[in-house]
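K.L.:
After the sequence you'll find the predicted model.
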Amino acid sequence: MRVTPSSATVRTSAGALRAARLKQAGAVLGLAGALALAGALPGRAETAATPAVPVPAPGHPAGPASVADLAEGLLDAVVNISTSQKVEAPSQVPVPKLPEGSPFQDFFDQFMDRQGKGADRPQRVQSLGSGFVIDPAGIVVTNNHVIDGADEITVNFSDGTKLKAEVVGRDKKTDLAVLKVKPEKPLKAVDLGDSNKIRVGDWVMAIGNPFGLGGTVTLGIVSARNRNINAGPYDDFIQTDTAINRGNSGGPLFDMYGKVIGINTAIISPSGGSIGIGFAIPASTASHVITQLREFGETRRGWLGVRIQEVSDDIAEGLGLKSAKGALVAGVTADGPAAKAGIEPGDVILTFDGQPVPKMSDLPRMVADTGIGKKVDVVIVRKGKEQTLQVELQRLDEKAEPGDEAGDAGDKAPKAAATEVAGLKLSAITAELKAKFKIADSVKGVLVTDVDPASNAAEKRVQAGDVIVEVAQEPVTSPQDVAERIAKAKKDGRKTVLLLLANPSGDLRFTAIRISE
């Protein structure tokens, strides 16, 4: 780069010292920083009043001067993945409207006949994505959605080599897939790093195949961690402002040591292009899945046998907890691991296998990554007291989620006068009301027949047809029970009370409603 004469440096007796400072600044800040320090940027002629750009002290964190050497050593391990599949795509040809007896009728009949002969022919659709080699023998990792439905998968390497790939295993829930190719010589491979050690603000680098432009390197930082974008039950994404576009899916997100700490998988963009919000599957999540796919061709996840929900501030107050944390058990599968261990609806799971459970979404990942048959300690809070229970995990059935528990029909509930409390009109479950609201035989409790639209219960989406099973973690069988439990909660100084509700089909959920202002 040529410096314009107008920004030439003024010579002084301190020139040698200034040259040393420029050399140090250039190493840390790059060429632009050095020129700025020298006053050599266009329109910034140096004067005695020009403030000097501060030079970071030795050991002070700074951005990388260049990632060229790092990228050069990793490019060969990143691959482009092209897929093709046959799809039925009938041609849509507009049919002209012609007057009856038109001389052009025969012409258009012949034209449409020719078009119709090829209308049902399957068409081949191609798509592009990214991936990376984790084993020199030919093991490649990518996103499941990159190869989903593909008839043929081709892995394209940076040296121009193209190899057909077969699917070793795939997992829709984490959007990961493992492929295998048969190379003539060992491939360049990269290692998975420890994504648990990365921090918001750390530099990261992506390499991939955006818009079919292979070998593209982009640089940015970790913008956030533990993002839930509702992509699946195990969401725990790394958010980054590293440019990620269509075609980057399945490509690696590297740390500055050349370790893969994420697999790029999604972006948020109204235009379809990068706006600085991209998401990568953490290596800590991917590592366990990849290992199982390579070993078994499928995932084998642990299963606890509970239905859980978030512990909100209102629910925490209703349970007497000091803070909103853990996972609230809304239901327990009959004969499942949790039921056998004594876990009950209303319990709050605080730790699992020695690890704290900060929020509900953390528990499914912990359970899934735990070995089948392993006995683990689960710390729960029940009615304000901590307990430790031991659970032996079973294998999760990936194809079928646990169904609702079925109970005995029992005797018909006696008739009872309606009661109104906290904006709720309550009644015992009579045969007539049971038929009206289509309540399953297994559902027991107190029926909500109407809800005051101005009440807090309405705000919490309590509705007619819901059945109150518990109030403040105590079972209720009559409207009078509900009224007494709420009155006691008010007397104890509670502002909210926790309800365990069942919908007509028996699905359970906890809701905390306000009972005093």
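P.N.:
Received, thanks.
K.L.:
what about stretch 188-206, how long is it end to end?
P.N.:
Counting by C-alpha to C-alpha, to the nearest Å, you get 17 Å between the two ends of stretch 188-206.
K.L.:
Tell me, how many residues neighbour residue 423?
P.N.:
19 (other C-beta atoms under 10 Å). (Glycine included, C-beta is placed from N, CA and C.)
K.L.:
contacting residues for it?
P.N.:
451-452, 454-458 (C-beta atoms under 8 Å, 6 or more residues apart in numbering).
K.L.:
Buried residues of the longest strand along the chain, list them for me.
P.N.:
In the chain, taking DSSP state E as the definition, the longest strand is strand 122-135. Of the residues in strand 122-135, those buried by neighbour count under the rule 16 or more other C-beta atoms under 10 Å are 127-134.
K.L.:
after it, next one along is what?
P.N.:
The element immediately downstream of strand 122-135 (helix or strand, assigned by DSSP states H and E) is strand 139-142.
K.L.:
tell me which strands and helices that following strand is in contact with?
P.N.:
Packed against strand 139-142 by the contact rule (3 or more C-beta pairs under 8 Å, 6 or more residues apart in numbering; DSSP states H and E) you find strand 78-88, strand 122-135, strand 176-180, helix 283-296.
K.L.:
if we go to 7 Å?
P.N.:
Of the remaining helices and strands, those touching strand 139-142 by 3 or more C-beta pairs under 7 Å, 6 or more residues apart in numbering; DSSP states H and E are strand 122-135, strand 176-180.
K.L.:
So which of the ones you listed is nearest residue 186?
P.N.:
Distances from residue 186 to each of the helices and strands packed on strand 139-142 were compared using C-beta to C-beta; the shortest belongs to strand 122-135, at 9.3 Å.
K.L.:
Which elements pack onto that closest one?
P.N.:
For strand 122-135, the packing partners by 3+ C-beta pairs under 7 Å, 6+ apart come out as strand 78-88, strand 139-142.
K.L.:
from those, which stretch is densest packed?
P.N.:
The highest mean neighbour count among these belongs to strand 139-142 (a mean of 25), with neighbours defined as mean count of other C-beta atoms under 10 Å.
K.L.:
Name every strand pairing with that strand and say which way it goes.
P.N.:
In the sheet containing strand 139-142, its partner strands are strand 122-135 (antiparallel), strand 176-180 (antiparallel), by DSSP bridges.
K.L.:
neighbouring contacts of the last one?
P.N.:
In this case it means strand 176-180. Residues outside strand 176-180 that contact it (C-beta atoms under 7 Å, 6 or more residues apart in numbering): 138-144, 147, 153, 155, 165-170, 263, 281, 286, 289-290, 293-294.
K.L.:
For that strand, give the mean pLDDT please.
P.N.:
Mean pLDDT, computed over strand 176-180, is 97.
K.L.:
ok, residue 66 - how many residues close by?
P.N.:
Neighbour count for residue 66, taken as other C-beta under 10 Å: 9.
K.L.:
hmm, I was thinking of residue 454
P.N.:
Residue 454: 9 surrounding residues under other C-beta under 10 Å.
K.L.:
Surely it is in a strand?
P.N.:
No: residue state for residue 454 (DSSP: H, G, I helix; E, B strand; the rest coil) corresponds to coil; a strand is not indicated.
K.L.:
Chain neighbours aside, what residue packs nearest to it?
P.N.:
Spatially, and ignoring its direct neighbours in sequence, residue 454 is nearest to residue 423 (7.3 Å; C-beta to C-beta, 6 or more residues apart in numbering).
K.L.:
I'd like the distance between that neighbour and residue 455.
P.N.:
Per C-beta to C-beta, to the nearest Å, residue 423 is found 3 Å from residue 455.
K.L.:
One more: residue 501?
P.N.:
Distance check for residue 501 against residue 455: by C-beta to C-beta, it reads 15 Å.
K.L.:
who has more neighbours, these two?
P.N.:
Counting neighbours by other C-beta under 10 Å for residue 501 and for residue 455 shows that residue 501 has the greater number, 21 against 15.
K.L.:
Now for the more buried one: which residues touch it?
P.N.:
For residue 501, the contact set (C-beta under 7 Å, 6+ apart) comprises 462, 466-469, 509, 511.
K.L.:
thinking again about what came up before, what does the residue nearest to residue 454 show for phi and psi?
P.N.:
For residue 423, the backbone dihedrals are phi 80, psi 10 (criterion: degrees, to the nearest 10).
K.L.:
Point out where the stretch 251-400 of the chain drops to low pLDDT.
P.N.:
Along the stretch 251-400 of the chain, segments meeting pLDDT under 70 span 399-400.
K.L.:
can you map out the helices along it?
P.N.:
Secondary structure of the stretch 251-400 of the chain, counting by DSSP state H, counting those that start in this stretch: helices at 283-296, 313-319, 337-341, 362-368.
K.L.:
What is the third one packed up against?
P.N.:
Looking back up the chat, that one is helix 337-341. Taking 3+ C-beta pairs under 7 Å, 6+ apart as contact, the helices and strands that helix 337-341 lies on are strand 385-392.
K.L.:
Quick check: which helices or strands does the strand it packs on pack against?
P.N.:
Under the contact criterion of 3+ C-beta pairs under 7 Å, 6+ apart, strand 385-392 touches helix 337-341, strand 375-382.
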